[in-house]
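Novice: I'll drop the sequence and a predicted model, then ask my questions.
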Amino acid sequence: MLKEGFFYKKYGDKLQCNLCPHNCVLDNGQKGICSVRVNEDNILKTINYGEITAMAMDPIEKKPLYHFYPGSNILSVGSFGCNLSCSFCQNYSIAHYRVKSKYMTVKNLIDNILEHKNNIGIAFTYNEPTISYEYIYEVSKEVKSTNPDMKVVLITNGYMEIESLRRLLPYIDAMNIDLKSFQKDYYKKVCGGNLNPVLKVIEEVSGQCHLEITTLLVNGLNDSKDEVEKIASFISNLDKNIPLHLSRYFPTYKMNRPPTKIDVMMKNRNIAKKFLNYVYLGNISGVDNSTYCPKCGELIIKRNYYSSKTYIIDNKCPSCNNDIKIVI
């Protein structure tokens, strides 16, 4: 469905989209880098408004969110398009191609959220959700108006302008943001973006809603000790209780490097733990991703893949009374 977009300015017969840091300047009929925002007769239109390509009830741990209502399920939806061009994209079929979708009104989606039992809310995920900004904004606002207890979650690359983030943030309960690297060249050459805007978004989000960070460690590109130290140090300066998910790379899409070595992943987790209280490994079977009290080592949450069992009833460690900083 075509719908007028937010955040744009007109310059004669051109317009500039200001949703994300690309700030695409578009001639009539031209689409932005995201492929879903277009200049149509000098009006910015979104072609993916309400267009759903995927919908599933997922464990919250799959997002991944490990410290936000562990053990719960959340209705997860995605559309198509992305404003980055990561050569290792794991969801390239919907991120970089126009695939079959089904239009769903805001009301219909709200009804779906409310009718599912044991559902804590809605997660916008799979492709990059922020380029569906208008739809997400309206759904999120309506969710909070209809049932304030329902949670709204955003799984995002964090490539947004601060103005657009601030307008949406009051309706968001939790975010997982991809911090793909701490190298400016990596963001530019591998991802088609810039590092600084993502860092600014992470800084803005920290303290405003629940936040977790994911970094995909790619063999030989961003899996060095120095890289992980910089990422963990940056996060620690905001809040050492922010969970960091270090995910293992496998060849996909346009990148065919060997999978990241498991011993490198293990060593990098230990490095990150020098800065952060909670570091988890993704895309590796058989590792212990349970949560332990950072003060006394007491088991807090036992995890087996995407299932979990919580051993606390509030935010306090049952052994030492330490504040665990987990939303339950």
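Specialist: The structure has been received and is ready for your questions.

Novice: show me the chain divided up by domain.
Specialist: Per automatic domain parsing, the domain ranges recorded for the chain read 3-46, 51-289.

Novice: any chance of the ones you listed in TSV, with distance to residue 325, mean neighbour count and mean pLDDT too?
Specialist: To be clear about C-beta, it is placed using only N, CA and C from the backbone, and glycine gets the same treatment. Shown next, in TSV, are the domains of the chain (distance: least, C-beta to C-beta, whole Å; neighbours: other C-beta atoms under 10 Å; pLDDT from 0 to 100):
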stretch	distance to residue 325	mean neighbour count	mean pLDDT
domain 3-46	30	18	97
domain 51-289	4	19	96
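
Novice: reformat those as JSON lines; add distance to residue 311.
Specialist: Formatted as JSON lines, the domains of the chain follow (distance: least, C-beta to C-beta, whole Å):
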{"stretch": "domain 3-46", "distance to residue 311": "41"}
{"stretch": "domain 51-289", "distance to residue 311": "10"}
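
Novice: can you pull out the helices in the stretch 151-300 of the chain?
Specialist: Under the criterion DSSP state H, counting those that start in this stretch, helices of the stretch 151-300 of the chain are mapped to 162-168, 184-186, 195-205, 225-238, 262-272.

Novice: quick one: the third one to chain centroid distance?
Specialist: Okay, so that is helix 195-205. Centre-to-centre, helix 195-205 and its host chain are 13 Å apart (C-alpha atoms, centre = their mean, to the nearest Å).

Novice: same check, this time on the first one
Specialist: Distance, stretch centre to chain centre, for helix 162-168: 15 Å (C-alpha atoms, centre = their mean).

Novice: that helix - contacts with which helices or strands?
Specialist: Helices and strands touching helix 162-168, by 3 or more C-beta pairs under 8 Å, 6 or more residues apart in numbering; DSSP states H and E, are helix 133-146, helix 195-205.

Novice: got it, and the second one?
Specialist: Applying 3+ C-beta pairs under 8 Å, 6+ apart, we find helix 184-186 packed against helix 195-205.
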